[in-house]
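# The sequence and its predicted three-dimensional model are supplied below.
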Amino acid sequence: MLNTCTYAAGDLPGDEDQDGVADPEDACPQSNMSPTVVIAGRDSGVANILLAGGCTISDKIAACSAAAAQNGAFMSCVVRLSSNLEEEGIITSDQKRALDVCAARTVQAREFKGHGWFIGTADRGNF
Ligand SMILES: [Ca+2]
């Protein structure tokens, strides 16, 4: 049977999310590649940076939502993540605040629904 998968010039074979990290080394082979971090349709305005290991900031926040059973746990996970990113110099203090505020607004609007709550871009209409 013919393999119908083709790759455009410059694409890496075996890089499903096209983030430049080959799938075997990619901790998040299906990264959320939204240009900015969008939490339940709310755009934080913070660049969705690709982190070492192949996960984006959105992937990490999605992992927070998947792991947290309630609002408090989700918020602490996001604040821990944003603090670490700021300490590592990956985001600025303003960007950290923007992420925290975006997550808090989502929680305040009761859009957080516990395990499996989905982070997505508004235009995909997810969650
Ligand atoms: Ca990835």
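Done, it's in. Small disclaimer: the values here were computed from a predicted structure and weren't measured.

# so what does the lengthiest strand in the chain touch, helix or strand wise?
In the chain, assigned by DSSP state E, the strand with the most residues is strand 42-47. Counting contacts by 3 or more CB pairs under 8 Å, 6 or more residues apart in numbering; DSSP states H and E, strand 42-47 is packed against strand 36-39, helix 93-108. Using the backbone N, CA and C atoms, a C-beta is placed for each residue, glycine as well.

# Select, out of these, the one closest to the ion.
Judged by CB to the ion, the one of the helices and strands packed on strand 42-47 that comes nearest to the ion is strand 36-39, at 14.8 Å.

# other SSEs contacting the closest one?
Using 3+ CB pairs under 8 Å, 6+ apart: strand 36-39 touches strand 42-47, helix 57-67, helix 93-108.

# Can you tell me which of those is most buried?
Neighbour counts (mean count of other CB atoms under 10 Å) averaged over each of the helices and strands packed on strand 36-39 peak at helix 57-67, with a mean of 21.

# following it, which helix or strand shows up next?
Per DSSP states H and E, the first helix or strand lying C-terminal to helix 57-67 is helix 71-87.

# in that following helix, what's buried?
Under the neighbour-count criterion of 16 or more other CB atoms under 10 Å, helix 71-87 has 71, 74-75, 77-79, 81-82, 85-86 buried.

# What sits closest to the most centrally placed residue in the chain if chain neighbours are left out?
The C-alpha lying nearest the average C-alpha coordinate of the chain belongs to Ser58 (CA atoms, centre = their mean; 1.0 Å). Among residues not flanking Ser58 along the chain, Asn32 sits closest, at 3.8 Å (CB to CB, 6 or more residues apart in numbering).

# what about the chain, any weak spots by pLDDT?
For the chain, applying pLDDT under 70 flags the ranges 1-13, 110-127.
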